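Colleague: attaching a predicted model along with its sequence, questions to come.
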Amino acid sequence: MAYIQFLGAAGTVTGSKHLINTGADSGGSKGFQALIDCGLFQGLKEWRERNWQNTPIPAREIDAVVLTHAHLDHCGWIPRLVKEGFRGPIYATPATIDLCGILLPDSGHLQEEDAEFYNKHKKSKHSPALPLYTFEEAQECLQYFRPVPSGETKQLCPEMSFRFVPAAHILGSSMAEITLQTRRQTRRLLFTGDIGRVRDRNIAPGKVVHSGPTEGETADVLVMESTYGNRQHPTEDPRPELAGLIRQTMERGGSVVVPAFAVERTQKFLFMLKELMESGKLPRIPVYCDSPMAIKAVDIFMKHTEEYTEDTHRLVAQYGSPLEWSGFQFALTPEQSKRINESKYPSIIVSSSGMVTGGRIQHHLAQRLPDPRNTVIFIGFQAPGTRGFTIKSGAPEVKIFGEIIPIRAQIAALEQFSDHADTPELLQWLHTFPKKPGATYLVHGDPAASSQLRDTMAKELGWSVQVAQWMQKVPIS
Ligand SMILES: [Zn+2]
């Protein structure tokens, strides 16, 4: 019998990996096996250690990967899958492929840096510590990517096809609608990947991609994310608070440090700063964007105009590429990055990684956290176990590069930047379904968020919903 097995993002928000097996037939065939997403576990060690485990079936027996979007918790394990022997096609939208082309090699580079660091400081129980995959291995896996534009149907095997529809989460992000022909019936499976904001015009300004996930979906089996299953985003415009925080910091003679994902979040934030400065709501202070990947991501954004909202078309027509703006500097080399570090004048530093798990943001925070004149503004989700989570939760100190750094800077967080629908938005989207799915499984959420969303959906929609468990197999009936 055909089944789905949850190999990741079950009981946690990272490591998305869902296996579909079309079922063994009487002729002894093992069935066609497709992975929906192939993400990296991030955050707590207990989860990260699972990145080192092989898939329960040999990687070479997986026939295809269908990738919803380019965030590492959905695509970051692909180089490892290829390293383990996978040689099939990896289907994704053209924008997702472009983004993976920068994100995966960068991830390989960070894995190498981490291994090097552990070896140098003899902090690993494994000797020598090895990277999960290297920069080169990540580049190598890119040859298996195959573009599938949104809306086009792609046959995976005689009994299974799929189509991408916009998920409105980040550039290129999609849900995967799978059609599976079993011996007795046709079954439609919907894997949401991450779901973007539904009503974003006023409360989530600066959104770059499609506004709102595709409405009127149907599914016999729905596999849905639940990151914000127990939360609601603030509904007020974040811009006045952001401008206020930056002004207060400048008056103290401090700088503002913003950890931000290099892709999507950084571009959105830069456009917001630009608009605030152009409208006179923010003084024109230097803005440093210290992330080589964010620079490459800007070019990808400028290319994929098919993904823009009306607002983005207007912003780009008005201001052009952020790479050309005066007062906005992009640091490409480590030397340029160091010069930002040495600067004593008030400025805004936007750098990655967004959860402070690696990258140049670590240098900026190590430098600026001990000084109470500075402010750190979080504009993204911080997974438990990450340095970002520690800093945001009000800890007095944090370990960066093996050193204990005291936290004296002001710490602030603006939740409106989220690219995930919150609970009311998820329900709003689910209400557009013309009929109840036969089965719904919640993935990609902390246990508390997933179980609360399950209860809310049962109460508000009358749907039968289960929280997926790691390694659980569920039949497609
Ligand atoms: Zn995502």
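Modeller: Nice, I can see it. Bear in mind that the values here come from a model prediction, so they are computed numbers and not experimental data.
Colleague: which SS class is the residue in the stretch 151-300 of the chain positioned nearest to the ion?
Modeller: Residue nearest to the ion within the stretch 151-300 of the chain (Cβ to the ion): Asp194, separated by 3.7 Å. C-beta coordinates here come from the backbone N, C-alpha and C atoms, glycine included. Following DSSP: H, G, I helix; E, B strand; the rest coil, we place Asp194 in the coil state.
Colleague: pretty sure Thr96 sits against Ala176.
Modeller: No: Thr96 is beyond contact range of Ala176, at 11.5 Å (criterion: Cβ atoms under 8 Å).
Colleague: which neighbours do those two have in common?
Modeller: Common neighbours of Thr96 and Ala176, counting by Cβ atoms under 8 Å, 6 or more residues apart in numbering, are Thr68.
Colleague: more neighbours: which of the two?
Modeller: Thr96 (29 against 25; other Cβ atoms under 10 Å).
Colleague: for that one, phi and psi?
Modeller: phi -60, psi -40 (degrees, to the nearest 10).
Colleague: now it. Nearest residue, chain neighbours left out?
Modeller: Gly172 (3.7 Å; Cβ to Cβ, 6 or more residues apart in numbering).
Colleague: cool, Glu460 as well?
Modeller: Leu427 is the one closest to Glu460 (Cβ to Cβ, 6+ apart), at 5.9 Å.
Colleague: contacts for the helix or strand harbouring the one you found?
Modeller: Element membership of Leu427 [criterion: DSSP states H and E] is helix 423-430. Contacts of helix 423-430 from elsewhere in the structure, counted by Cβ under 8 Å, 6+ apart, are 195, 197-199, 212-213, 215, 224, 226, 228-232, 421, 452-453, 456-457, 460-461, 463.
Colleague: just the buried ones out of those, please.
Modeller: 195, 197-198, 212-213, 224, 226, 228-231, 421, 452-453, 456-457, 463 (16 or more other Cβ atoms under 10 Å).
Colleague: and Lys436, its phi and psi?
Modeller: Per degrees, to the nearest 10, the backbone of Lys436 is at phi -70, psi 140.
Colleague: contacting residues around it?
Modeller: 461-464.
Colleague: from Gly462, how far out is it?
Modeller: 7 Å (Cβ to Cβ, to the nearest Å).
Colleague: now Gly358, nearest residue through space, not along the chain?
Modeller: Leu110 (4.6 Å).
Colleague: my read is that the one you found contacts Ser352, right?
Modeller: No: Leu110 is not in contact with Ser352 according to Cβ under 8 Å; the separation is 10.3 Å.
Colleague: mutual contacts of the two, please.
Modeller: Contacts common to Leu110 and Ser352, judged by Cβ under 8 Å, 6+ apart, are Gly359.
Colleague: more neighbours: these two, which one.
Modeller: Using other Cβ under 10 Å as the criterion, Leu110 and Ser352 rank with Ser352 on top: 28 against 19.
Colleague: how about the contacts made by that one?
Modeller: Neighbour list for Ser352: 259-262, 266, 291, 293-294, 359-361 [criterion: Cβ under 8 Å, 6+ apart].
Colleague: which phi and psi values does it adopt?
Modeller: Torsion angles, degrees, to the nearest 10, at Ser352: phi -120, psi 160.
Colleague: follow-up on the earlier one: which of the contacts of Ser352 sits closest to Leu190?
Modeller: In terms of Cβ to Cβ, no member of these lies closer to Leu190 than Phe261, at 25.7 Å.
Colleague: ok, the residue most central in space within the chain - contacts?
Modeller: For the chain, the residue sitting closest to the mean C-alpha position, by Cα atoms, centre = their mean, is His71 at 3.6 Å. By Cβ under 8 Å, 6+ apart, the contact list for His71 reads 39, 170, 194, 261, 263.
Colleague: and the first one, that's in a strand?
Modeller: Looking back up the chat, that one is Gly39. No: Gly39: not assigned to a strand; according to three-state DSSP it is coil.
Colleague: and the pLDDT for it?
Modeller: pLDDT recorded at Gly39 is 96.
Colleague: do the same with the fourth one
Modeller: At Phe261 the predicted local confidence, pLDDT, stands at 87.
Colleague: mind telling me what element it is part of?
Modeller: In the assignment (DSSP H and E), Phe261 maps to no helix and no strand.
Colleague: thought it was touching Gly380?
Modeller: Yes: between Phe261 and Gly380 there is a contact at 5.9 Å, judged by Cβ under 8 Å.
Colleague: let me see the ranges of the helices in this structure.
Modeller: Applying DSSP state H to the chain gives helices spanning 45-48, 72-75, 78-83, 94-120, 135-141, 239-251, 265-278, 292-303, 310-319, 334-342, 361-368, 387-392, 423-430, 447-461.
Colleague: out of those helices, which one sits most buried?
Modeller: helix 72-75 (a mean of 26; mean count of other Cβ atoms under 10 Å).
Colleague: how about that one, does it reach the ion?
Modeller: No: against the ion, helix 72-75 shows no contacts by Cβ under 5 Å from the ion, the least distance being 5.9 Å.
Colleague: roughly how far does Arg87 sit from Leu35?
Modeller: 13 Å.
Colleague: the two: who's more crowded?
Modeller: Between Arg87 and Leu35, Leu35 has the larger neighbour count (other Cβ under 10 Å), namely 27 against 12.
Colleague: and Pro240, what does it touch?
Modeller: Contacts of Pro240 (Cβ under 8 Å, 6+ apart): Lys281.
Colleague: what number of residues lie near Ser279?
Modeller: Neighbourhood size, Ser279 [other Cβ under 10 Å]: 10.
Colleague: distance of it from Lys268?
Modeller: 17 Å.
Colleague: count the residues that sit near Thr153.
Modeller: Residues near Thr153, counting by other Cβ under 10 Å: 11.
Colleague: pick out the residue of the stretch 351-477 of the chain closest to the ion.
Modeller: Counting by Cβ to the ion, the stretch 351-477 of the chain gets nearest to the ion through Asp419 (6.8 Å).
Colleague: around the ion, pick out the residues from the stretch 351-477 of the chain.
Modeller: Checking the stretch 351-477 of the chain against the ion by Cβ under 5 Å from the ion, there are no hits.
Colleague: what's the answer for the stretch 1-150 of the chain, then?
Modeller: His71.
Colleague: from Cys100, how far off is the residue nearest to Gln469 when sequence neighbours are not counted?
Modeller: Setting aside the residues directly before and after it, Gln469 is nearest to Ala10 in space (Cβ to Cβ, 6+ apart), at 5.6 Å. From Ala10 across to Cys100, the span is 23 Å (Cβ to Cβ).
Colleague: repeat that for Leu315.
Modeller: 25 Å.
Colleague: equivalent analysis for Gln362, please.
Modeller: In terms of Cβ to Cβ, Gln362 sits 24 Å off from Cys100.
Colleague: Ala421 now?
Modeller: For Ala421, the distance to Cys100 - Cβ to Cβ - is 23 Å.
Colleague: quick one, what contacts Val398?
Modeller: 365, 369, 387, 390-391, 404-405, 407.
Colleague: what does the pLDDT read for it?
Modeller: At Val398, pLDDT is 97.
Colleague: now swap in Pro240 and tell me
Modeller: pLDDT, Pro240: 93.
Colleague: do Gln336 as well
Modeller: Per the predicted model, pLDDT is 89 at Gln336.
Colleague: next: the one 10 residues further on.
Modeller: Turning to Pro346, the model gives it a pLDDT of 94.
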